[in-house]
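[1] Quick one, what's the 3D model for this:
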Amino acid sequence: MWTRNELLDLGLTDYQIRCRISEGTLVRLRRNCYIAAEASAKDKLAAVAQLYPDAVFTGTAALAAYGFCEVQLPATIRVDNNRRARADGLVRTVRSRPVPVNRVKGVKMALPAQAVADALSFERCDKWLLKEALAQAYRGLNGRGRFAADLELVTSKKRDAVRELAERAPVGTASKWEQRMFREMRRVDLKPVPNFRLGPYTWDLGFEAGTTVVDLDSLLYHTPENNHREFLIGTWKTNHAVQHGWAPLKFTDECTDYHLKLVVETVQETVAHRRSVRGLKSKPQKVRRAMATPAWRFHQSLLSLIHI
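    Down below sits the predicted model:
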């Protein structure tokens, strides 16, 4: 980015500056500020950040700053209600009241959920890109909780649209394997909930309408000889699900690698069966003295491992 005086120091005249702007090789950012038209999108975005130090970047500009997509121009920024609106090839300003922000390298960025809402409102972008951004922004065991909290803070008429996108994205998944299986389940019109809580235990996928839970257990980490602790917890976790009236299904990486279609069909048919049987669809009866305490609180082998 250059000022007029800096361009004059480089040997350009005012006439040459005007000609380059007309030719499209030089971009006038605002009075006395210019940038080369061939500058990268990142450099142009950095220039916008300098020109609007109090602005909040949102839309795909914010998502790019978080590392979820490539930089796209014009950048959408939220500015104070007193600022004049502007729209050109470089920046699109949206007058707004303050919104919650994160800082990326000192620059204010809208929260991911807000950024997606603003991308839907003010930009033309692929919804697949926005779903992937949500999945990356809100991944992990507490991803769904963080998304719900951020969604409550969204200032936009597109809040419900963001919620719908998140329901179709693997928000809350902890691995690429889980993301893959989430998409496979969605492909056959199932509605999996990642990192589903059933009592004290967390299952990789849960199906509330059909009271079925699924775990994806890698042979490397869940066999008794490789991980005795996880094997014991998994055993009692299955017992807990059965006692509480849920159908537990477990698959290994070799199951999904070699028999993916059968895995999906098994889940699909189990959920469909339980949805069709009265008493199993949403609130199955549990046994009278169903376990509530997690295995790591009572199992002697697990307690012994803690003290080793």
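[2] Can you name the residues that contact residue 295?
    232-233, 235-237, 302 (C-beta atoms under 8 Å, 6 or more residues apart in numbering). Glycine gets a C-beta too; all of them are placed from N, C-alpha and C.
[3] how much space between it and residue 43?
    Counting by C-beta to C-beta, to the nearest Å, the gap from residue 295 to residue 43 is 55 Å.
[4] Count the neighbours of residue 107 for me.
    Counted with other C-beta atoms under 10 Å, the burial measure for residue 107 works out to 21 neighbours.
[5] mind checking the SS state of the residue nearest to it when sequence neighbours are not counted?
    Excluding the flanking residues, the one nearest residue 107 by C-beta to C-beta, 6 or more residues apart in numbering is residue 49, at 4.9 Å. Three-state secondary structure (criterion: DSSP: H, G, I helix; E, B strand; the rest coil) places residue 49 in helix.
[6] contacting residues for residue 49?
    Contacts of residue 49 were listed using C-beta under 8 Å, 6+ apart, and they are 55, 57, 107.
[7] do residue 172 as well
    By C-beta under 8 Å, 6+ apart, the neighbours of residue 172 are 138-141, 143-144, 147, 193-195.
[8] What is the lowest-pLDDT residue among the residues you listed?
    Going through those one by one, the lowest pLDDT turns up at residue 141, 86.
[9] can you count the residues close to it?
    For residue 141, the tally of surrounding residues (other C-beta under 10 Å) stands at 13.
[10] List phi and psi for residue 30.
    Recorded main-chain torsions at residue 30 are phi -170, psi -180, according to degrees, to the nearest 10.
[11] can you check residue 217 too?
    Torsion angles, degrees, to the nearest 10, at residue 217: phi -110, psi 110.
[12] Which pLDDT value goes with it?
    At residue 217, the predicted lDDT confidence score is 90.
[13] neighbours around it, how many?
    Using other C-beta under 10 Å, residue 217 is surrounded by 18 other residues.
[14] the helices in the stretch 151-300 of the chain, which residues?
    In the stretch 151-300 of the chain, helices defined by DSSP state H, counting those that start in this stretch lie at 159-167, 176-187, 219-222, 228-243, 253-258, 260-276, 295-298, 300-307, listed in chain order.
[15] list the buried ones in stretch 108-128?
    The neighbour-count check on stretch 108-128 (16 or more other C-beta atoms under 10 Å) flags 108-120, 122-123, 125 as buried.
[16] which residues touch residue 261?
    With C-beta under 8 Å, 6+ apart as the criterion, no residue contacts residue 261.
[17] any idea how far it is from residue 212?
    The span separating residue 261 from residue 212 equals 18 Å under the rule C-beta to C-beta.
[18] Please name the nearest non-neighbouring residue to residue 240.
    In this structure, residue 240 finds its nearest non-sequential neighbour in residue 291, 5.2 Å apart by C-beta to C-beta, 6+ apart.
[19] Could I have the ChimeraX command that selects the buried members from the contacts of residue 172?
    For selection in ChimeraX, the members of these meeting the burial criterion (16+ other C-beta under 10 Å) are listed in this command:
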select :138,139,143,144,147,193,194,195
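[20] What about the contacts of residue 172, which are in strands?
    With DSSP state E as the criterion, strands contain 193-195 from among those.
[21] Closest to residue 36 out of these?
    Ranking the ones in strands among the contacts of residue 172 by separation from residue 36, with C-beta to C-beta as the measure, puts residue 194 on top at 45.0 Å.
[22] Residue 204 is in contact with that closest one, correct?
    Yes. Proximity of residue 194 to residue 204 meets the contact threshold set by C-beta atoms under 8 Å, at 7.1 Å.
[23] list the residues that contact both of those two?
    174, 178.
[24] Next, work out how far apart the residue nearest to residue 201 when sequence neighbours are not counted and residue 250 are.
    By the measure of C-beta to C-beta, 6+ apart, the closest residue to residue 201 outside its immediate chain neighbours is residue 237, 4.5 Å from it. Using C-beta to C-beta, one obtains 10 Å as the distance from residue 237 to residue 250.
[25] now swap in residue 287 and tell me
    Distance check for residue 287 against residue 250: by C-beta to C-beta, it reads 21 Å.
[26] what distance separates the start and the end of stretch 119-128?
    Start-to-end span of stretch 119-128 (C-alpha to C-alpha, to the nearest Å) is 12 Å.
[27] can you check stretch 196-206 too?
    Distance between the two ends of stretch 196-206: 5 Å, counting by C-alpha to C-alpha.
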